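Visitor: Next one to model:
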Amino acid sequence: MNLLSYQTLGRTHDKARLWIESRRLEPLGFSPGQPFSVACEPERLVLRPAVLAHNHVSSRALPDGRRPIIDLSSQSLLNPFKEFSELKIIASFERIEVSPSRKAFAILKSRSIQPPFKVLELFAGGGTMTAALNSSFEVVAGVEIDPDFADVWQAAHPQAMMVQSDVRAVEEMELPEFDVLTGGVPCTSHSNLGRAKKNLAGRPELGDSGDLFLPVLSLVAQRMPAAVVLENVPSFGTSLAGQLVTQYLKRLGYEVAVHVLKPHAEWGQIEDRPRWLLVATLDRPFTLRIPEKLCAETLDSFLDAPDEARDRADAGRIARTVEGLREHQRRHAALGHGFGFSVVDRAAVKIPVIPKSYHKINSGPFVSTSFGPRLLRQSEIERIHGSAIGTRHYATAVRIMGQGVQVPVFQEVFRQVARHLMRG
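Guide: All right, here's what the predicted structure looks like:
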């Protein structure tokens, strides 16, 4: 018979106290009245039965017998453990080991880590989230299944490890040490549009990607990084997956802060791209300070300079497709449906979300020109999103940015996370 338990170090009159109470102690050699010795070893205490010793096993009377109790209050023995939030108790025959748990070590470590904080990015895409990091962070590894995205990410972080794999297949021991875990769990089984495309309306969220939050939580539980920063569509937060992520992190011992970011209304961004944000930290809660800044810039400041020849060519290239969209819109309007696509001009101070399928010319936002609507160019989307993408392949760049983050928003988020980790 063995005994394994996790518990906090108790306190009585502001003094540390170790209390172990279990019927299993008796068959392990710690019967009521039994003397026991306590030896101090590196980062642990070892208790053994003894013939003569200062400490004795006490007990509690119960209707069907007595329950053994080990009550240890020696401050000289317990002081080394006062800073740890949780103890691990392992008991085998005639031996009890008391040591800080892995969670307790992680929490204590989080209080003393120094920049640069090592970062692992899951679902790395082309690295829009790590593009928001400042000099307080060092990217050490990323995990990405798409080879095109993995190539772009690796080019941006040549010194880091790129694991090109489904995150479900990654073994924890293959990854380097890291202090901060970041990522955007694929949202197609949780967003309204993704659920509609996958015929998940009224059905469980599983789909082909709805379980991807599970390996994320498993990795967090095994490594206990100092901070976890996750982002997703707002509906992820109210989904079963989002609620499980939040509650599980809390049960692991994290302080969890959740927000819905409103980039246009509160962060001064022209693209209205709301995101669910979770920041989980050990030791103490993280508080996000929102700038409360409405976008005042016009689209013109993000667009290339007007060029009639280029505008004519770009508008002509998609003219037939746009006319097809207009006809599709008219048919749906006649049926009372709300299908539409957006066209914005240079004076706009707000534009809809640029989706990852934008290159397929299916919804907009398109830019109004005197020759008809045209697509936003890669350089223009990069300015809107706040970072350059290391590929000149338009579709790949659009897919990366369409499912990535707005870098200026996350630059401020990570500035605040860095200050928090430095106990600022």
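Visitor: Only C-alpha atoms from now on, for both contacts and neighbour counts.
Guide: Noted.
Visitor: correct me, but P285 touches A257?
Guide: Yes. Using Cα atoms under 8 Å, P285 is in contact with A257, at 7.3 Å.
Visitor: how long is stretch 141-157 end to end?
Guide: By Cα to Cα, to the nearest Å, the extent of stretch 141-157 from end to end equals 9 Å.
Visitor: Mean confidence (pLDDT) on it, please.
Guide: Averaging pLDDT along stretch 141-157 gives 96.
Visitor: So which bits of that stretch are buried?
Guide: Using 16 or more other Cα atoms under 10 Å as the test for burial, stretch 141-157 gives 141-145, 148-154, 156-157.
Visitor: Go ahead and name everything in contact with it.
Guide: With contacts defined as Cα atoms under 8 Å, 6 or more residues apart in numbering, stretch 141-157 is touched by 119-127, 139, 160-167, 175-176, 389-391, 396, 400.
Visitor: low pLDDT regions in the protein?
Guide: Counting by pLDDT under 70, the chain shows low-confidence ranges at 1, 187-209, 332-340, 424.
Visitor: need the helices for it, in chain order.
Guide: 75-78, 102-110, 147-156, 192-197, 213-223, 234-238, 240-252, 263-266, 308-334, 378-385, 394-402, 407-421 (DSSP state H).
Visitor: Let me know which of these is the nearest to R23.
Guide: Closest approach to R23 among these (Cα to Cα): helix 75-78, 23.7 Å.
Visitor: Which strands and helices lie in contact with the closest one?
Guide: Helix 75-78 sits against strand 15-21, with contacts defined as 3 or more Cα pairs under 8 Å, 6 or more residues apart in numbering; DSSP states H and E.
Visitor: Return the alpha-carbon coordinates of the strand it packs on using PDB.
Guide: The C-alpha trace of strand 15-21 is given here as PDB (Å, rounded to 0.1, in the frame of the first residue of the first chain):
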ATOM      1  CA  LYS A  15       3.300  29.400  12.300                       C
ATOM      2  CA  ALA A  16       3.800  26.600   9.800                       C
ATOM      3  CA  ARG A  17       2.200  23.300  10.500                       C
ATOM      4  CA  LEU A  18       2.300  19.900   8.600                       C
ATOM      5  CA  TRP A  19      -0.800  17.800   9.200                       C
ATOM      6  CA  ILE A  20      -1.200  14.300   7.600                       C
ATOM      7  CA  GLU A  21      -4.300  12.400   8.500                       C
END
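Visitor: ok, back up a step: to E292, which of the helices of the chain lies closest?
Guide: helix 263-266 (4.1 Å).
Visitor: for that closest one, which positions count as buried?
Guide: Residues of helix 263-266 classed as buried by neighbour count (16+ other Cα under 10 Å): P263, H264, A265.
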